[in-house]
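Visitor: Any chance you could fold what I've pasted below:
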Amino acid sequence: MAWSDRAARDALRRMFEAAVRAADPRAVLARHLPEPPARGRVVVVGAGKSAAVMAQAVEAAWPEVPLSGLVVTRYGHAVPTRRIEVVEAAHPVPDAAGEAAARRILERVRGLSPEDLVLVLISGGGSALLALPAPGLTLADKQAVNRALLACGATIHEMNCVRRHLSAIKGGRLAAAAHPARVVTLAISDVPGDDPAVIASGPTVPDPTTFAEAREIVARYGIALPEAVARHLAAAEEETPKPGDARLARAEFRLIATPLMALEAAAEAARGLGLAPLILGDALEGEAREVGTVLAGIARSARAHGRPLAPPAVLLSGGETTVTLRARAPGKGGRNSECALGAALALAGAPGIWALMADTDGIDGEGEAAGAIVAPDTLARARAAGRDPRAALDVHDSGALFAALGDAVVTGPTLTNVNDFRALLVVA
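Guide: Sure thing, here's the model as predicted:
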C-alpha cells in the first residue's frame, strides 16, 4: 500500500494506544489479586501515577470485601473511589501533600496482625509521591536533592538509590512497618529491567544498595547536598532492610504490567496494519537526544538496506532516557520530545520514515504533552515557521517546537505508566 502522511500518523497513534491499553489497571489488575484473608482486615495503600485507578480496580474486583486504606497519586490523576481514600500530591518534585500522605500510609500499616493483609499498589511516580524524609531531614532537603538528580542526567536506578537512603518509607521500610501482616504488592513497572527495588524506590522489597553507593552517586555527578543530607549519608546509621530481613519474610511482589507487555501489544497492532514489527528492547537508556540519533540510524538502515528488517516495518522500543540540562534557562520539553527532535535532526528529512515518541503516562516531563510525532517534513516545516530545530534542542525547547507544528502528542493522564514508548515507522 502507499503510505500517506495521514496514514502513517494514524498507524503510530494506534500502536501507542494499544501499548497504553495493555497496561491499563482496569484491564489487568483483577487477575493478580490474592485471596482475601478469611478473618483479618484488608488495608490498601499505594503510591504512583496509577495508584488511584488501581484502587478503583481493586474495589471493582472485590465488591464484597471490607476494604480501607489510602493511596497517593499525582495531581490530576485521581478517580472516584468509595472505600479507599485517594489524595493527590506533586510529581516529580515532592511537596507537603506527598509527605503527609506518606506519613499517614505508614501509620495505616502499623500495629496489624498476622491475619491481616496489606495490599500495596505501586506504579511509576511513587518515589516522588511517597516523600517521607528520614529522621533529621526535611522536605526541603529532599526537594533540593530531587531537583539536582533530575537535572544531572542520573539514571532512574541511581536516583532511586539515593532516594531510598533519604527516606523513612522507601527501600523496604513500608513492608517492615507492616510486619507481621502479610504484604502483597501489585506493581506497574516503569523502569528498565523491571527491578522491584527501583519501581517507586521499592517500599516493600529488600534494598540491595547501600549508603556508600548513594554517596558515590552523589559524588560522581557533583551534586551539592544540603548540610543535613550530607551528614545523614555520611553517618549511615540505619541501613535499609536487606535480603533475608525477617520483617520482609511475608512480603510478596507481583508485576501486573511492564514495558515489554506494552510493546508486545503494539507489535500485535502493527501486524494488524500490515507492518513487520521489531522490538529493539524494553530497557533502552541514555541521553535522550543521542538515543534519538541511534534510532534514526537504525530506521535509515532499514529503509536503505532492509536491515534489520525490510519495510514496511516498525521499530519499537521502551525504557527511560535522561536529559542533562545544559541551558541556564531551559525551554519547554521532556525526554520524549527531546529524543524525537534528536531523531528528526539525524533523519534530516529522509523520506518514508515517521516516528512517535511518548510517555505512556501521558505526560512528558512536566508539560501537557505526552511526546511528539516526527515526519519527513518536520525540519522543513519548523524552519518555514521561523524555528531553528538545532537551537531548540540546545536549549531543551523541543516541546515548544513540536507544539507549534501541531505535532505534540496530547492525551492527558492515561492513568497507567510503563515508561517511554518509541515507534519508528519505515515504508518504501
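Visitor: burial of residue 39, as a residue count?
Guide: 7 (other Cβ atoms under 10 Å). Bear in mind the C-beta positions are built from the backbone N, C-alpha and C, glycine included.
Visitor: show me where the stretch 101-250 of the chain has strands.
Guide: 117-122, 182-188 (DSSP state E, counting those that start in this stretch).
Visitor: closest one to residue 195 among these?
Guide: Each of those has some distance to residue 195 by Cβ to Cβ; the shortest is strand 182-188, at 10.7 Å.
Visitor: List the contacts of the closest one.
Guide: 23, 25, 29, 32-34, 37, 48, 50, 54, 114, 116-124, 175, 196, 199-200, 204-205, 248, 250-258, 416-418 (Cβ atoms under 8 Å, 6 or more residues apart in numbering).
Visitor: Stretch 304-312 now?
Guide: By Cβ under 8 Å, 6+ apart, stretch 304-312 touches 1, 3, 274-276, 278, 298, 301-303, 352, 425-428.
Visitor: For the residue nearest to residue 211 when sequence neighbours are not counted, the count of nearby residues, please.
Guide: Excluding the flanking residues, the one nearest residue 211 by Cβ to Cβ, 6 or more residues apart in numbering is residue 236, at 3.6 Å. Using other Cβ under 10 Å, the number of residues around residue 236 comes to 13.
Visitor: Now the phi/psi pair for residue 236, please.
Guide: The phi/psi pair for residue 236 (degrees, to the nearest 10) reads phi 50, psi 50.
Visitor: Against residue 285, how distant is it?
Guide: Between residue 236 and residue 285 the computed distance is 28 Å (Cβ to Cβ, to the nearest Å).
Visitor: Using neighbour counts, give me the buried entries of the contacts of strand 182-188.
Guide: 23, 25, 29, 33, 37, 48, 50, 54, 116-124, 175, 196, 199-200, 204-205, 248, 250-251, 253, 255-258, 416-418 (16 or more other Cβ atoms under 10 Å).
Visitor: out of those, which are inside helices?
Guide: Of these, the ones assigned to helices by DSSP state H are 25, 54, 175.
Visitor: So the first one sits against residue 416, correct?
Guide: Read that as residue 25. Yes. Counting by Cβ atoms under 8 Å, residue 25 touches residue 416, with 6.4 Å between them.
Visitor: what's the longest strand in this protein?
Guide: strand 276-287 (DSSP state E).
Visitor: now for it, which elements pack on it?
Guide: For strand 276-287, the elements it packs on are helix 259-272, helix 288-305, strand 313-322, judged by 3 or more Cβ pairs under 8 Å, 6 or more residues apart in numbering; DSSP states H and E.
Visitor: Render the CA-only coordinates of the helix or strand just after the shortest one in CSV, please.
Guide: Per DSSP states H and E, the first helix or strand lying C-terminal to strand 313-322 is helix 335-347. Coordinates of the C-alpha atoms in helix 335-347 are reproduced here as CSV (Å, rounded to 0.1, in the frame of the first residue of the first chain):
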residue,chain,number,x,y,z
ARG,A,335,12.8,13.5,27.4
ASN,A,336,10.5,12.1,24.7
SER,A,337,10.2,15.3,22.7
GLU,A,338,13.9,15.8,23.0
CYS,A,339,14.5,12.2,21.8
ALA,A,340,12.1,12.9,18.9
LEU,A,341,13.9,16.1,17.9
GLY,A,342,17.3,14.3,18.1
ALA,A,343,15.8,11.7,15.7
ALA,A,344,14.4,14.3,13.4
LEU,A,345,17.8,16.1,13.1
ALA,A,346,19.5,12.8,12.4
LEU,A,347,16.9,11.8,9.8
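Visitor: After helix 335-347, which helix or strand is next?
Guide: Once helix 335-347 ends, the next helix or strand along the chain (criterion: DSSP H and E) is strand 353-359.
Visitor: what about that next one, average pLDDT?
Guide: Strand 353-359 carries an average pLDDT of 98.
Visitor: which neighbours does the helix or strand following that strand have in its sheet, and in what orientation?
Guide: Counting by DSSP H and E, the next helix or strand C-terminal to strand 353-359 is strand 371-374. Applying DSSP bridges to the sheet, strand 371-374 is found paired with strand 353-359 (antiparallel), strand 408-409 (antiparallel).
Visitor: Now do strand 371-374: everything it contacts.
Guide: Strand 371-374 is contacted from outside by 9, 12, 334, 336-337, 340-341, 343-344, 347, 354-359, 364, 398-399, 402, 407-409, 421, using Cβ under 8 Å, 6+ apart.
Visitor: Quick check: next helix or strand after it?
Guide: helix 378-384.
Visitor: Packing partners of that following helix?
Guide: Where contact means 3+ Cβ pairs under 8 Å, 6+ apart, helix 378-384 is packed against helix 335-347, helix 389-394, helix 398-405.
Visitor: Buried residues, the first one. List them.
Guide: What that stands for is helix 335-347. Buried residues in helix 335-347 (16+ other Cβ under 10 Å): 335-347.
Visitor: quick check, nearest of those residues to residue 387?
Guide: Among the buried residues of helix 335-347, residue 341 lies closest to residue 387 (Cβ to Cβ), at 10.7 Å.
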